[in-house]
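[1] Here is a sequence together with a model predicted from it:
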Amino acid sequence: MSSHSSRKGAQSHRQRLERLDAHWHMQMPELVESYLQWKHGPMDPVLPKHSQNHHEFHVTAVQIFDHELATIHQRPNEPANVSLLRNGLLGCSPVEPSVNYHACYRDQFSIAFDAFLSILRHVWQRLDHVLRRDDLNWRVSHMCPCYTYKLQDDPSLALNILVAQDGNNSLKQVASVANADNCQFHSSYFLSCHDVDVFKNEVKHRQHAPADDSGDTTTQGLLSLCLQWKSSSPKHQKTVLDIYETTGIFTSACRHGSIIKVCEMVRSGEL
């Protein structure tokens with residue numbers, strides 16, 4: 001396969017993903033309302049079979065152990081997936097779903113599951129907004145009430161907090177795969193790459209400081225020793241493969257299960 005055809009294939013795949021994401025995004029407010037109605041609202045009334053105010057269509061509903069043909073009543077100007085969600089179903093296409101959950105079950109399930117997770121994220125965003133938990137610093141200010149909330153005149157403890165942290169370098173992502181999918185994952189734990197890249201050139205001028213083995217304990221001497229560490233060394237000293245967009249993740253949590261810090265290593269030689 002020529003490089004030209006490879007680039008064309010990657011571009012068309014990216015465009016398909018962008019169109020798919022755009023169609024889901026346009027329907028998302030209605031999908032969220034329909035999901036909440038099905039999950040927590042009263043049972044949706046059954047429309048008369050020959051009503052002029054609705055349209056019927058049929059889908060194959062794939063369940064865990066079997067599948068069945070389902071008849072869905074669609075209201076005027078209502079997206080098909082909104083009608084499906086009122087019945088506890090979700091299609092694998094944002095426009096004309098015909099199979100719920102054909103031949104490419106893996107891809108269809110992936111599309112439907114991604115859409116379902118997006119609906120849940122929007123539900124949580126609404127809830128966070130109502131509870132005033134959508135401030136950018138809310139996670140930092142409320143990471144663990146058991147450890148961080150203090151009363152006046154509380155005695156000091158020998159160990160104020162018990163923390164466990166670990167990294168996972170199996171969560172690598174090849175850069176070409178990342179370029180094919182431009183969808184953004186919105187999370188209250190992660191900063192966007194755009195926000196982080198503001199600081200990417202802050203220490204570049206220090207990375208060429210000469211190594212110092214004289215035992216100097218001054219700030220400059222310690223800095224020189226730290227720059228010999230793999231993650232702080234200049235690019236030509238790093239051994240990580242350039243094919244990776246993401247090379248792993250670090251996370252730390254308290255003993256109560258609250259996330260304290262989480263860091264995704266993007267374009268880094270840390271791991």
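    Received the coordinates, thanks.
[2] my guess is Leu85 meets Val32, correct?
    No: when contacts are counted by CB atoms under 8 Å, Leu85 is not listed as touching Val32 (9.2 Å). (Glycine included, C-beta is placed from N, CA and C.)
[3] what residue is smack in the middle of this protein?
    With distances taken as CA atoms, centre = their mean, Phe185 lies nearest the centre of the chain, 3.7 Å away.
[4] quick one on the thing from earlier: give the residue from Leu85 and Val32 that has the larger number of neighbours.
    Leu85 (26 against 20; other CB atoms under 10 Å).
[5] for the helix or strand that contains Glu18, which positions count as buried?
    Per DSSP states H and E, Glu18 falls inside helix 3-40. Buried residues in helix 3-40, defined by neighbour count with 16 or more other CB atoms under 10 Å: 20-21, 23-24, 27-28, 31-32, 34-35, 38.
[6] Show me which of the residues you listed is closest to Ile249.
    Asp21 (23.5 Å; CB to CB).
[7] I'd say that closest one and Cys183 touch.
    Yes: in this structure, Asp21 is within contact of Cys183 by CB under 8 Å, at 5.1 Å.
[8] Could I get the full set of helices for the stretch 101-250 of the chain?
    105-130, 138-141, 145-148, 175-180, 193-196, 219-226 (DSSP state H, counting those that start in this stretch).
[9] mind giving me a markdown table with these and columns for mean neighbour count and mean pLDDT?
    Formatted as a markdown table, those follow (neighbours: other CB atoms under 10 Å; pLDDT from 0 to 100):
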| stretch | mean neighbour count | mean pLDDT |
| --- | --- | --- |
| helix 105-130 | 14 | 88 |
| helix 138-141 | 12 | 84 |
| helix 145-148 | 13 | 84 |
| helix 175-180 | 13 | 61 |
| helix 193-196 | 11 | 80 |
| helix 219-226 | 13 | 60 |
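[10] Just tell me which of those ends up closest to Thr71.
    helix 105-130 (19.2 Å).
[11] so what does the lengthiest strand in the chain touch, helix or strand wise?
    Of all the segments of type strand in the chain, defined by DSSP state E, the longest one is strand 244-254. Packing partners of strand 244-254 (3 or more CB pairs under 8 Å, 6 or more residues apart in numbering; DSSP states H and E): strand 163-168, strand 173-174, helix 175-180, strand 259-266.
[12] buried sites along that strand?
    For strand 244-254, using 16+ other CB under 10 Å, the buried residues are 244-251, 253-254.
[13] any idea how far Asn160 lies from Arg139?
    19 Å (CB to CB, to the nearest Å).
[14] Arg75 now?
    Taken as CB to CB, the span from Arg75 to Arg139 is 39 Å.
[15] do the same with Gly248
    Taken as CB to CB, the span from Gly248 to Arg139 is 21 Å.
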